[in-house]
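Student: Quick one: sequence plus predicted model below, questions after.
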Amino acid sequence: MTVPSFQPLQGMSDLASPEVHLWQEVEEAARRLLALYQVEEVRTPILEPTGLFVRSLGEGTDVVQKEMYTFEDRGGRSVSLRPEGTAGVIRYLAGLGPEAAGARLYYLGPMFRAERPQAGRRRQFHQLGVELIGPPGPAQDVEAIALQQHLLNAWGLKAARIEINSRGLPAEQAAVSEGLRKALEPHEPRLCDDCRRRLKANVLRVLDCKQEGCRAVAETLPAVTDFMGADSRAYLDEVRRLLDLLELPAVINPRLVRGLDYYQHTIWEIRHPALGAQDALAGGGRYRIEWEGAAIEGVGFAAGLERIVTAVQHDRPASAESARGKPATWIVSQGAKALEQNLVLAQLLRQRGIACGLALDGRSVKAQMRAANRSGAAFAVIRGELEMEKGLFVLKSMKDGAQEELELPALVERLLRASRAEGT
Ligand code: HAM
């Protein structure tokens with residue numbers, strides 16, 4: 001099937017009104033909240049050297065193996081569209097040297113993964129990510145989880161659930177894989193073809209499989225922490241103790257794994273029942289990434305904004321409509337002369353902070369009143385030859401039709417008062 005040329009590429013979307021208003025609301029709520037935690041914005045490039053992602057996310061991960069948009073730039077160097085935001089932030093911080101210690105950064109922007117498109121899985125999607133650098137330890141992990149929970153509350157997502165687990169340390173990975181492989185072997189016939197292959201190549205991914213049979217087998221497995229050392233288990237216990245202290249409603253999922261290699265110790269994921277199979281709203285954890293000789297440790301997470309907006313629409317069905325900004329006033333012109341003068345009036349009102357709209361195409365007064373109605377404006381300001389001669393403006397309430405004639409200063413005062421009361 002040929003795709004009509006006005007469609008975006010598969011797995012990518014145009015984002016416009018009315019949905020975009022909800023996106024803006026979600027983003028603004030996040031920015032306000034991040035300021036309370038003293039987390040500052042960073043904007044890193046969308047295109048990075050391919051090696052940055054291979055080395056930080058891990059050569060064998062699905063993202064690196066199958067999902068990156070990689071090509072050669074004009075200099076013959078391999079570059080990739082960023083599939084996630086952590087690696088770029090760490091590259092930036094590694095360049096700062098000792099100044100990077102204690103950095104608290106967030107980013108908001110598009111990420112790209114060439115995944116098989118399906119509900120909830122986009123090829124271009126957007127993340128709000130947070131990275132807190134040093135001091136390492138359970139307290140910082142819990143601060144990041146608390147921030148994550150606060151964001152969910154600010155977005156009004158009551159049904160979202162935080163699940164946490166440990167990834168242990170790199171030196172423990174071989175023992176974890178071996179332990180899981182042994183536990184899985186007796187169940188091999190019940191696993192899907194992919195998971196039978198994963199048994200040998202990447203056994204942790206069996207715990208992630210969405211197939212019914214594999215999920216049932218995964219339920220019977222020991223916790224991954226059973227194969228880790230006492231220090232890693234104590235670290236997770238301390239995280240749990242602090243979560244309780246802050247009364248954060250996170251639950252331990254003993255079989256939670258994350259698909260990126262840079263994690264160690266605490267990992268978490270946020271699920272939401274409205275999202276179906278792709279139910280992860282956000283994910284994160286503690287990590288250690290080396291770049292150009294600098295090793296940076298931090299803890300962070302990223303929320304998928306498409307999924308956040310879907311969940312907000314589910315939990316707060318009226319949210320898109322209420323997020324949409326409405327002009328407070330619609331200016332109606334009777335005749336060409338009035339139209340010209342109303343263009344001046346609109347500019348004056350907007351400069352005073354009053355949102356207003358007007359039609360510039362000379363359509364009839366009736367058609368202009370219809371447009372005023374459709375726009376949801378609270379008032380119409382009507383002006384024709386007669387009003388211009390008298391130096392007056394007719395202010396009409398769109399709610400009850402009441403009309404009055406005002407001079408300019410009184411008109412501005414009335415509209416300012418009304419827009420302050422409405423918070424527009
Ligand atoms: P991630 O789990 O790969 O982690 O992605 C985080 C979130 O991005 C997911 O929970 C999901 O909501 C969203 N997401 C991922 N892929 C897609 C997709 N194809 N379509 C729509 N949404 C998607 C990371 O990216 C890590 N960098 C998070 C992190 C930051 N860890 C530490 N710091």
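Tutor: Happy to help now that I have it.

Student: Next, count neighbours for residue 254.
Tutor: For residue 254, the tally of surrounding residues (other C-beta atoms under 10 Å) stands at 15. C-beta: built from backbone N, CA, C; applies to glycine.

Student: Can you tell me how far the closest residue to it other than its chain neighbours is from the ligand?
Tutor: Distance criterion C-beta to C-beta, 6 or more residues apart in numbering; nearest residue to residue 254, sequence neighbours excluded, is residue 223 at 3.3 Å. Between residue 223 and the ligand the computed distance is 21 Å (C-beta to the nearest ligand atom, to the nearest Å).

Student: What is the neighbour count of residue 223?
Tutor: With other C-beta under 10 Å as criterion, residue 223 counts 16.

Student: State the pLDDT value of it.
Tutor: Per-residue pLDDT puts residue 223 at 95.

Student: buried sites along stretch 402-409?
Tutor: residue 406 (16 or more other C-beta atoms under 10 Å).

Student: Likewise for stretch 372-381?
Tutor: The neighbour-count check on stretch 372-381 (16+ other C-beta under 10 Å) flags 372, 375, 377, 378, 379, 380, 381 as buried.

Student: who does whichever residue of the chain sits closest to the ligand bridge with?
Tutor: With C-beta to the nearest ligand atom as the measure, residue 304 is the residue of the chain nearest to the ligand, at 2.3 Å. Beta-bridge pairing of residue 304 under DSSP bridges involves residue 127.

Student: Touching, it and residue 281? I think so.
Tutor: Yes - between residue 304 and residue 281 there is a contact at 6.5 Å, judged by C-beta atoms under 8 Å.

Student: next SSE after the helix or strand of the chain with the lowest mean pLDDT?
Tutor: In the chain, no helix or strand scores lower on mean pLDDT, DSSP states H and E than helix 319-323, which sits at a mean of 64. Using DSSP states H and E, the helix or strand that directly follows helix 319-323 along the chain is strand 329-333.

Student: Give the pairing partners of that following strand; include direction for each.
Tutor: strand 356-358 (parallel), strand 379-383 (parallel).

Student: so how far is the longest one from its chain's centroid?
Tutor: Averaging C-alpha coordinates over strand 379-383 and over its chain gives two centres that are 40 Å apart (C-alpha atoms, centre = their mean, to the nearest Å).

Student: and that strand, average pLDDT?
Tutor: 96.

Student: hmm, who's touching it?
Tutor: Strand 379-383 is contacted from outside by 328-334, 338, 341-342, 345, 356, 365, 369, 372, 393-398, 411, 415, 418, using C-beta atoms under 8 Å, 6 or more residues apart in numbering.

Student: Domain parsing of the protein, as residue ranges.
Tutor: 19-169+228-320, 326-422 (automatic domain parsing).

Student: Can you say which of those domains is packed in most?
Tutor: Across the domains of the chain, averaging neighbours per residue (mean count of other C-beta atoms under 10 Å) puts domain 19-169+228-320 on top, at a mean of 18.

Student: gap between residue 93 and residue 101?
Tutor: According to C-beta to C-beta, to the nearest Å, residue 93 stands 9 Å off from residue 101.

Student: which residues are in contact with both of those two?
Tutor: Both residue 93 and residue 101 are contacted by residue 133, under the criterion C-beta under 8 Å, 6+ apart.

Student: Alongside the ligand, which residues does this structure contribute?
Tutor: Within the chain, the positions near the ligand by C-beta under 6 Å from any ligand atom are 84-86, 113, 115, 121-122, 125, 127, 129, 131, 280-285, 287, 300-302, 304, 306-307.

Student: So which of those residues are in strands?
Tutor: 125, 127, 129, 131, 280-285, 287, 300-302, 304 (DSSP state E).

Student: list the contacts for the residue lying closest to residue 44 once chain neighbours are set aside?
Tutor: What sits nearest to residue 44 in space, not counting adjacent residues and going by C-beta to C-beta, 6+ apart, is residue 88, at 3.8 Å. By C-beta under 8 Å, 6+ apart, the contact set of residue 88 is 44, 45, 48, 52, 82.

Student: ok so, going back, among the buried residues of stretch 372-381, which two are most distant?
Tutor: Farthest pair in the buried residues of stretch 372-381 (C-beta to C-beta) is 375 and 381. Separation: 13.0 Å.

Student: list the residues that contact both of the two?
Tutor: Common neighbours of residue 375 and residue 381, using C-beta under 8 Å, 6+ apart, are residue 330.

Student: Quick check: which ranges of the stretch 251-400 of the chain have low pLDDT?
Tutor: Residues of the stretch 251-400 of the chain that meet the criterion pLDDT under 70 lie in 320-326.

Student: one more time with 80
Tutor: 277, 318-327 (pLDDT under 80).

Student: where do the strands sit along it?
Tutor: For the stretch 251-400 of the chain, the strands defined by DSSP state E, counting those that start in this stretch cover 263-271, 280-291, 294-304, 329-333, 356-358, 379-383, 393-397.

Student: ok now the last one, how far from the chain's centre?
Tutor: So that's strand 393-397. Going by C-alpha atoms, centre = their mean, where strand 393-397 is centred and where its chain is centred differ by 42 Å.

Student: Can you name every helix or strand that it contacts?
Tutor: strand 379-383, strand 403-406, helix 408-422 (3 or more C-beta pairs under 8 Å, 6 or more residues apart in numbering; DSSP states H and E).

Student: related to what we said a few turns ago, any common contacting residues for residue 304 and residue 281?
Tutor: The contact sets of residue 304 and residue 281 do not overlap (C-beta under 8 Å, 6+ apart).

Student: Which neighbouring elements make contact with the strand or helix carrying residue 110?
Tutor: In this assignment (DSSP H and E), residue 110 forms part of strand 104-112. Helices and strands touching strand 104-112, by 3+ C-beta pairs under 8 Å, 6+ apart, are helix 19-36, strand 40-41, helix 86-96, strand 124-133.
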